[in-house]
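> only geometry, no sequence info:
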DNA sequence: GTTGAAATTAGTACGAA
DNA sequence: TTCGTACTAATTTCAAC
């Protein structure tokens, strides 16, 4: 209420038009594609792979960086090796009007890898990476629960990270099965959706809130998943 | 069942001991720290920042890469600029014994950025990045729902990505408030936890399943969140 | 937007501590 | 192991086209 209602960060509403101050053409996307898969390529090699000249690659590379399309370059790390093999999702119900405090407290927690404000049942989802399960429990009960802004939490553990793509790009969709569903309307749709689409199934019971009672049973078929690679 | 039950991917159980074939000392962690924040630093600059010689930096850098501690280097991209500003989480209930098919279908969906198998209410969580809300709906109803392995889905939208740290490292915890809770036990704990810790609160109602009825209302306090930066 | 040069820097291979 | 140095190869910058 004290400020503008424009969307600041990423993933917000739909105010973000494509290419504010930078024309995002196919070449730019191709550059992003290469850099996503190999963030350490030399600009010369980048130019070669994209099919443009060195100078052009340098210009575009700098433009993408200066314009903030490329936020940073980072190394993807095997967390098992660094001793942080336990991942957990903590769904947080936040006391309204205390969002600011909640966010400030988050900044104090380095083990938080990701935090997003969501629609639906809870208000936010936090992803943490820890050395063992006990640490997750300690974090939730001793640290999160002590934040006045936190009204309630619900924790689930991640048993396996099946897929982690560096960063999705629009060009990826063309490689999937079939063409994109619509000709990529230049801007998004309405922002405050607060939706919760569900796909119920006759076998499960039509009007049920999606199997709220199933808290165990997600382990039987997991062995068969191993040899799918 | 047809193969070994060892953990394949990352974030799996707790079989991952620290430093299989590579001693993860403080210097290695410091290298990871620098590379996480700037994946494009030259090895010379890296050596300078870590405080080792260039030759040593090259050796260690290569060792980390060859050993798989560093998986890849990537560019962090502002998705608003690329036209994929809508993020959604899809919680999937998977038909047991069809995990393999589910995983295979996932590989066919390039707009999926992250997929993890979780304990708790659902079996898996998928994060997708799309151009608009309609595309998310189309994906859930037309593509996910058509996969026989998918029993049910529940979708929530991400209104704001508050925090996204490149990759958490053990050394980060020392920078938080207070010291780490325990002296970093070398290995994790039990794997199949299937836990769902919760911190209920008198104000909300003790035995309630965490406000299942609250589907809206996560927007009021969000304006105050803007000036917290 | 492209090509081709010079200047700088990165990567490699050694011996010594 | 790690460091320091010299050597080679590559990249980046800057110029003209």
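Okay, I see it. Just so it is clear, the structure is predicted and the values come from calculations on it, not from any experiment.
> Chain A: helices as residue ranges?
A:26-37, A:43-50, A:54-66, A:79-82, A:99-107, A:133-138 (DSSP state H).
> residues from chain A in reach of DNA strand D?
A:42, A:43, A:44, A:45, A:54, A:55, A:58 (Cβ under 7 Å from any atom of the strand). Using the backbone N, CA and C atoms, a C-beta is placed for each residue, glycine as well.
> returning to that earlier point: just name the most buried of the helices of chain A.
helix A:79-82 (a mean of 24; mean count of other Cβ atoms under 10 Å in any protein chain shown).
> would you list the helices of chain A in CSV and tack on mean pLDDT?
Formatted as CSV, those follow (pLDDT from 0 to 100):
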stretch, mean pLDDT
helix A:26-37, 95
helix A:43-50, 96
helix A:54-66, 95
helix A:79-82, 92
helix A:99-107, 92
helix A:133-138, 97
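> which residues sit in contact with residue A:169?
A:29, A:32, A:33, A:36, B:77, B:82, B:84 (Cβ atoms under 8 Å, 6 or more residues apart in numbering or on different chains).
> again, only this time at 7 Å
Listed by Cβ atoms under 7 Å, 6 or more residues apart in numbering or on different chains, the contact set of residue A:169 reads A:29, A:32, A:33, A:36, B:82.
> so who does the third one touch?
I take that to be residue A:33. Per Cβ under 7 Å, 6+ apart, neighbours of residue A:33: A:169, A:171.
> Can you tell me how far it is from residue B:73?
Relative to residue B:73, residue A:33 is positioned 14 Å away (criterion: Cβ to Cβ, to the nearest Å).
> got the buried residues for whichever strand in chain A runs longest?
The residue-count maximum for a strand in chain A (DSSP state E) belongs to strand A:150-164. Within strand A:150-164, the residues that count as buried by 16 or more other Cβ atoms under 10 Å in any protein chain shown are A:150-164.
> Would you mind pulling up the elements that it packs against?
Applying 3 or more Cβ pairs under 7 Å, 6 or more residues apart in numbering or on different chains; DSSP states H and E, we find strand A:150-164 packed against strand A:86-94, helix B:99-107, strand B:112-118.
> Would you reformat those as CSV and include distance to residue A:145?
Converted to CSV, those look like this (distance: least, Cβ to Cβ, whole Å):
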stretch, distance to residue A:145
strand A:86-94, 10
helix B:99-107, 34
strand B:112-118, 21
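> among the ones you listed, which is nearest DNA strand C?
Closest of these to DNA strand C is strand B:112-118, at 29.0 Å (criterion: Cβ to the nearest atom of the strand).
> Just confirm yes or no for that closest one near chain A.
Yes. Strand B:112-118 is in contact with chain A by Cβ under 7 Å from any Cβ of the partner chain, via B:112, B:113, B:114, B:115, B:116, B:117, B:118.
> ok, back up a step: just give me the closest of the residues of chain A next to DNA strand D to residue B:123.
residue A:45 (41.4 Å; Cβ to Cβ).
> close to chain B, is stretch A:110-129?
Yes. Stretch A:110-129 is in contact with chain B by Cβ under 7 Å from any Cβ, via A:110-121, A:123, A:129.
> Count the residues that sit near residue A:108.
13 (other Cβ atoms under 10 Å in any protein chain shown).
> Tell me the spacing between it and residue B:173.
Distance from residue A:108 to residue B:173, by Cβ to Cβ: 11 Å.
> repeat for residue A:161
Here residue A:161 is placed at a distance of 20 Å from residue B:173 (Cβ to Cβ).
> one step back: got the helices of chain A as JSON lines, with distance to DNA strand C columns?
Below are the helices of chain A laid out as JSON lines (distance: least, Cβ to the nearest atom of the strand, whole Å):
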{"stretch": "helix A:26-37", "distance to DNA strand C": "8"}
{"stretch": "helix A:43-50", "distance to DNA strand C": "8"}
{"stretch": "helix A:54-66", "distance to DNA strand C": "3"}
{"stretch": "helix A:79-82", "distance to DNA strand C": "22"}
{"stretch": "helix A:99-107", "distance to DNA strand C": "32"}
{"stretch": "helix A:133-138", "distance to DNA strand C": "37"}
